[in-house]
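[1] build me a structure from this.
(2 chains)
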Number of protein chains: 2
Amino acid sequence: MSQGILGYLADEVGYPFNQIPTKMGWAYRGGIYSWGSICGALPPAIDLIGLVTDLDTGQKLINELMAWYKDFPFPAYPGDGTPLPTTVADSSLCHVSVTKWMQVANVPREDKTRSERCGRLTADVTKFTVEMLNSLSDNKFEAKHKPSAVVGECMACHSKLSYAHGKETCTACHGDPHK
Amino acid sequence: MSQGILGYLADEVGYPFNQIPTKMGWAYRGGIYSWGSICGALPPAIDLIGLVTDLDTGQKLINELMAWYKDFPFPAYPGDGTPLPTTVADSSLCHVSVTKWMQVANVPREDKTRSERCGRLTADVTKFTVEMLNSLSDNKFEAKHKPSAVVGECMACHSKLSYAHGKETCTACHGDPHK
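    Okay, here's the model as predicted:
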């Protein structure tokens, strides 16, 4: 992911992008060295947006990236051309995103289509990030994606109690705890 | 967090650290602009480790950082000196880490001790990261923390099915689904 955006800018533009080693983003694979935490395509995209925008603009783009990621049927990038199923992660977490896809594809972790799928997803995130930055550069950026609607419903009560913030689909992990 | 490590290096060492704007890490606050995803202290620490180590060494340090984070009773840094309760997050997620603390502290989100707690946690992560890098520099780095033991138990079966990897405490979010 770092290579896809930062590496491209280092090659094409040079300074200052060539001052930041793209290996900075390598650790995020497998949701941080197989910890299964945040999807490894996201932090390098977030870093890059932060590098080239002011804070207010960056916030709009990064909110759009997060909202789009949870809703997008990955992967769309054709890669080597082999047809692959698509799934909506409804989460920013690697292990959720990958498990949902593997269960539809019915493959184990070590299957090569699993790594192909994650490679294509990374291309999708790269493309979306670059498209956002290009539309921003043309003064045409417009946010189209939103936090999960259920957040408002849950937070109507939970924000009055000792619960933290969030914008993802609470029920995707928590189910409906009031049933 | 970026300011705490990268900003310090930019001020003290200068080039090449002063080539990377610390605003790159700003987006991670609130688990990426209040999405509640990964704790915002982690990606800037991971980025920094990736910048100054080779990939194999970085992997050891980042695994140690992730394993330590889930087990550490935050916050330890004294901050302004006000006593604060401590909690173990057992997760890399912002909303889990923060909610556990708020429930013990019995405060709502907007309470100023909540932001004080997250500031102190960030100082703790900065200190731990710098200590790891210093011990590496002295050829004394030794990993002491581990992925959750329950991962091995869960993955004994789940790795044979269509489930993704992970190293955090599966049961912290999933309970025991076989009960």
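
[2] residue nearest the centroid of chain A?
    With distances taken as C-alpha atoms, centre = their mean, A:Leu42 lies nearest the centre of chain A, 4.1 Å away.

[3] find the nearest non-adjacent residue to it, please.
    A:Ser92 (6.2 Å; C-beta to C-beta, 6 or more residues apart in numbering or on different chains). In this view, the C-beta of every residue, glycine as well, is placed from N, C-alpha and C.

[4] got a list of what that neighbour touches?
    Residues near A:Ser92 by C-beta atoms under 8 Å, 6 or more residues apart in numbering or on different chains: A:38-39, A:42, A:66, A:69-70, A:168, B:32, B:35, B:37-38.

[5] what about the residue nearest to the centre of chain A, distance to B:Asp11?
    As defined by C-beta to C-beta, to the nearest Å, A:Leu42 lies at a distance of 29 Å from B:Asp11.

[6] same check on A:Trp101?
    Shown here: A:Trp101 relative to B:Asp11, a distance of 44 Å by C-beta to C-beta.

[7] these two: which has the busier surroundings?
    A:Trp101 (25 against 11; other C-beta atoms under 10 Å in any protein chain shown).

[8] which residues make contact with the strand or helix carrying A:Ile49 from outside it?
    Element membership of A:Ile49, judged by DSSP states H and E, is helix A:42-52. Contacts with helix A:42-52, where a contact means C-beta under 8 Å, 6+ apart, come from A:1-2, A:5-6, A:20, A:24-25, A:28, A:58, A:61-62, A:65-66, A:69, A:92, A:125-126, A:129, A:132-133, B:20-21, B:23-28, B:32, B:38, B:43, B:46-47.

[9] so how far is it from its chain's centroid?
    Distance, stretch centre to chain centre, for helix A:42-52: 11 Å (C-alpha atoms, centre = their mean, to the nearest Å).

[10] related to what we said a few turns ago, mind listing which of the contacts of helix A:42-52 are in helices?
    A:2, A:58, A:61-62, A:65-66, A:69, A:125-126, A:129, A:132-133, B:32, B:43, B:46-47 (DSSP state H).

[11] tell me the one among the residues you listed nearest to B:Pro16.
    B:Asp47 (13.7 Å; C-beta to C-beta).

[12] that closest one - how many residues pack around it?
    B:Asp47 is flanked by 27 other residues according to other C-beta under 10 Å.

[13] kindly report the same for A:Leu61.
    Neighbours around A:Leu61, by other C-beta under 10 Å: 23.

[14] my read: it touches A:Phe141, true?
    Yes: under the criterion of C-beta atoms under 8 Å, A:Leu61 makes contact with A:Phe141 at 7.1 Å.

[15] which neighbours do these two have in common?
    A:Met132.

[16] look up how far A:Pro44 lies from the closest residue to A:Gly25 other than its chain neighbours.
    The spatially closest residue to A:Gly25, leaving aside those adjacent along the chain, is A:Ser2, at 3.0 Å (C-beta to C-beta, 6+ apart). To A:Pro44, A:Ser2 is 4 Å away according to C-beta to C-beta.

[17] joint contacts of these two?
    A:24-25.

[18] which of the contacts of helix A:42-52 count as buried?
    Buried subset of the contacts of helix A:42-52 (neighbour count, 16 or more other C-beta atoms under 10 Å in any protein chain shown): A:1-2, A:5-6, A:20, A:24-25, A:28, A:58, A:61-62, A:65-66, A:69, A:92, A:125-126, A:129, A:132-133, B:20-21, B:24-28, B:32, B:38, B:43, B:46-47.

[19] list the contacts of the lowest-mean-pLDDT helix or strand in chain A.
    Ranked by mean pLDDT, DSSP states H and E, the weakest helix or strand in chain A is helix A:2, scoring a mean of 75. Residues from elsewhere that reach helix A:2 (C-beta under 8 Å, 6+ apart): A:22-26, A:44, A:47-48.

[20] hmm, try it at 7 Å
    Defining contact as C-beta atoms under 7 Å, 6 or more residues apart in numbering or on different chains, one finds that helix A:2 is touched by A:22, A:24-25, A:44.

[21] ok, stretch A:113-131 next?
    Contact with stretch A:113-131 is made by A:1, A:4-5, A:41-42, A:45, A:48-49, A:65, A:68-69, A:72, A:74-77, A:79-80, A:82, A:84, A:98, A:101-102, A:105, A:107, as judged by C-beta under 7 Å, 6+ apart.

[22] only C-alpha atoms, please: export it in CSV.
    Extracted C-alpha coordinates of stretch A:113-131, given in CSV (Å, rounded to 0.1, in the frame of the first residue of the first chain):
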residue,chain,number,x,y,z
THR,A,113,-6.7,-16.7,-3.7
ARG,A,114,-6.8,-15.2,-0.2
SER,A,115,-3.6,-13.3,-0.7
GLU,A,116,-4.7,-12.4,-4.2
ARG,A,117,-7.9,-11.0,-2.7
CYS,A,118,-6.0,-8.9,-0.2
GLY,A,119,-3.7,-7.6,-2.9
ARG,A,120,-6.7,-6.6,-5.0
LEU,A,121,-8.3,-4.9,-2.0
THR,A,122,-5.1,-2.9,-1.5
ALA,A,123,-5.3,-1.8,-5.1
ASP,A,124,-8.9,-0.8,-4.5
VAL,A,125,-8.0,1.3,-1.5
THR,A,126,-5.1,2.9,-3.4
LYS,A,127,-7.4,3.8,-6.3
PHE,A,128,-10.1,5.2,-4.1
THR,A,129,-7.5,7.3,-2.2
VAL,A,130,-5.9,8.6,-5.3
GLU,A,131,-9.3,9.4,-6.8
